[in-house]
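# heads up, no residue letters with this:
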């Protein structure tokens with residue numbers, strides 16, 4: 001009896017281990033729905049998170065179970081040397097993908113089948129961009145695809161003053177996937193920076209910016225200006241990064257150089273949690289529709305590591321550009 005009690009005491013004093021490795025299932029089945037807005041036309045599975053790898057494989061992600069499920073390879077006929085750059089998902093369960101050649105595709109989240117959108121590359125200078133759907137309109141029953149353009153500083157060799165402001169800031173793409181309309185550019189330090197976007201069912205848009213240090217900020221959908229900027233300690237963009245909102249928290253997918261992606265959860269109180277490490281593939285895009293829950297009814301079950309709260313400010317932190325993916 002004393003031996004058992006002593007063993008339990010040792011276990012209680014043992015330090016917490018590292019974050020668990022991701023569980024990836026090779027066979028995709030129809031996941032559970034988390035629909036909370038019954039009046040919205042939400043397709044089955046539209047409230048899950050979906051991610052795309054650098055190799056062009058599509059996965060679903062259940063944040064509350066910390067489980068990825070491989071759906072399959074995307075059948076998108078982009079240029080030979082092009083690969084996925086970013087992704088958004090609409091309420092119908094269609095994934096919208098921007099490729100590195102600037103092209104735009106629509107893919108099924110059930111089987112990865114894909115068609116090219118009638119989208120002219122380079123409208124208003126936008127080539128590669130982060131993207132997300134946000135609930136808009138009266139009673140937030142509509143949805144709009146917003147995109148954010150920035151410069152790849154490492155590849156261009158430009159300085160801040162030498163850059164061309166075309167292709168920077170916030171824009172929207174019409175529901176047919178044909179026309180891009182520029183909205184506005186943030187006048188602060190985040191204006192020219194690359195970012196991935198995520199939107200919510202309550203009409204909010206957020207950006208995960210490839211800066212050093214990395215930051216997250218809310219974006220005004222009417223002007224493109226940022227606010228409520230948070231520095232993200234311990235998170236770097238490396239060669240691949242993506243971003244999604246789910247269940248009242250933000251989920252950051254980031255890959256340090258030479259590794260596959262890690263997953264970090266950022267809670268509303270500013271604390272970060274490294275929930276998964278080395279998922280086995282590099283996530284370059286993430287999408288979640290406006291059908292996803294916006295409150296913490298299904299928080300992730302495992303919180304193996306807590307970091308210091310992120311710093312929050314109403315002003316741009318004047319970050320330096322990070323190495324772009």
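Arrived safely, thanks for sending. This one's a predicted model, so the numbers in the text were calculated from it and none came from an experiment.
# now stretch 66-73: how far from the chain's centre is it?
Centroid separation for stretch 66-73 versus its chain: 16 Å, with C-alpha atoms, centre = their mean, to the nearest Å.
# residue ranges with poor pLDDT in the stretch 1-150 of the chain?
1-40 (pLDDT under 70).
# show me where it has strands.
Using DSSP state E, counting those that start in this stretch, the strands of the stretch 1-150 of the chain run over 23-25, 49-53, 57-62, 67-73, 84-89, 94-99, 104-108, 114-116, 129-136, 142-149.
# so which bits of the fourth one are buried?
Buried residues in strand 67-73, counting neighbours by 16 or more other C-beta atoms under 10 Å, are found at 67-71. All C-beta atoms are positioned from the backbone trio N, CA, C, and that covers glycine.
# do the third one as well
With burial defined by 16+ other C-beta under 10 Å, the residues of strand 57-62 counted as buried are 57-62.
# what of stretch 253-271?
253-255, 260-267.
# right, and the strands of the stretch 1-150 of the chain - which one's nearest residue 244?
Proximity to residue 244 (C-beta to C-beta) singles out strand 49-53 among the strands of the stretch 1-150 of the chain, at 4.8 Å.
# orientation of that closest one relative to strand 67-73 in degrees?
Calculated by axes from the mean of the first three to the mean of the last three C-alpha atoms, to 10 degrees, strand 49-53 forms an angle of 60 degrees with strand 67-73.
# now do the contacts for residue 93.
Neighbouring residues of residue 93 by C-beta atoms under 8 Å, 6 or more residues apart in numbering: 43-46, 108-110, 289.
# going by distance to residue 226, which of those wins?
residue 289 (23.1 Å).
# I'd say the closest one and residue 135 touch.
No: Residue 289 is beyond contact range of residue 135, at 9.6 Å (criterion: C-beta atoms under 8 Å).
# kindly tell me how buried residue 237 is, as a neighbour count.
26 (other C-beta atoms under 10 Å).
# nearest spatial neighbour of it, skipping sequence neighbours?
residue 210 (4.4 Å; C-beta to C-beta, 6 or more residues apart in numbering).
# now do the same for the one you found: its pLDDT.
If you check residue 210, the pLDDT there is 87.
# list the contacts for residue 59?
Contacts of residue 59 (C-beta under 8 Å, 6+ apart): 24, 50-53, 68-71, 281.
# related to what we said a few turns ago, got a markdown table for the strands of the stretch 1-150 of the chain, with distance to residue 178 too?
Formatted as a markdown table, these follow (distance: least, C-beta to C-beta, whole Å):
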| stretch | distance to residue 178 |
| --- | --- |
| strand 23-25 | 36 |
| strand 49-53 | 22 |
| strand 57-62 | 24 |
| strand 67-73 | 26 |
| strand 84-89 | 16 |
| strand 94-99 | 12 |
| strand 104-108 | 9 |
| strand 114-116 | 11 |
| strand 129-136 | 15 |
| strand 142-149 | 11 |
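# quick one, helices of the chain?
For the chain, applying DSSP state H gives helices covering 2-13, 153-156.
# before we move on, back to that, need the winner for burial among the strands of the stretch 1-150 of the chain.
strand 84-89 (a mean of 28; mean count of other C-beta atoms under 10 Å).
# got the contact list for it?
Residues from elsewhere that reach strand 84-89 (C-beta under 8 Å, 6+ apart): 46, 50-54, 56, 74, 76, 95-100, 109, 128-133, 145, 196-197, 199, 242, 284-289, 325.
# tell me how far it is from the chain's mean position?
8 Å.
# what is the burial count for the closest residue to residue 63 other than its chain neighbours?
The shortest distance from residue 63 to any non-neighbouring residue, by C-beta to C-beta, 6+ apart, is to residue 246 (4.7 Å). By other C-beta under 10 Å, the residues close to residue 246 number 26.
# try the one 5 residues further on
The local packing count at residue 251 equals 25, with neighbours defined by other C-beta under 10 Å.
# residues contacting it?
49, 61, 63, 243-245, 263-266, 286.
# on that earlier part again, show me how to select, in PyMOL, the buried members of the contacts of residue 93.
Command for PyMOL that selects the buried part of the contacts of residue 93, burial taken from 16+ other C-beta under 10 Å:
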select buried, resi 43+45+46+108+109+110+289
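# find the nearest non-adjacent residue to the most centrally placed residue in the chain, please.
Nearest to the geometric centre of the chain sits residue 243, at 1.8 Å (C-alpha atoms, centre = their mean). Computed as C-beta to C-beta, 6+ apart, the closest residue to residue 243 that is not its neighbour in sequence is residue 208, at 3.7 Å.
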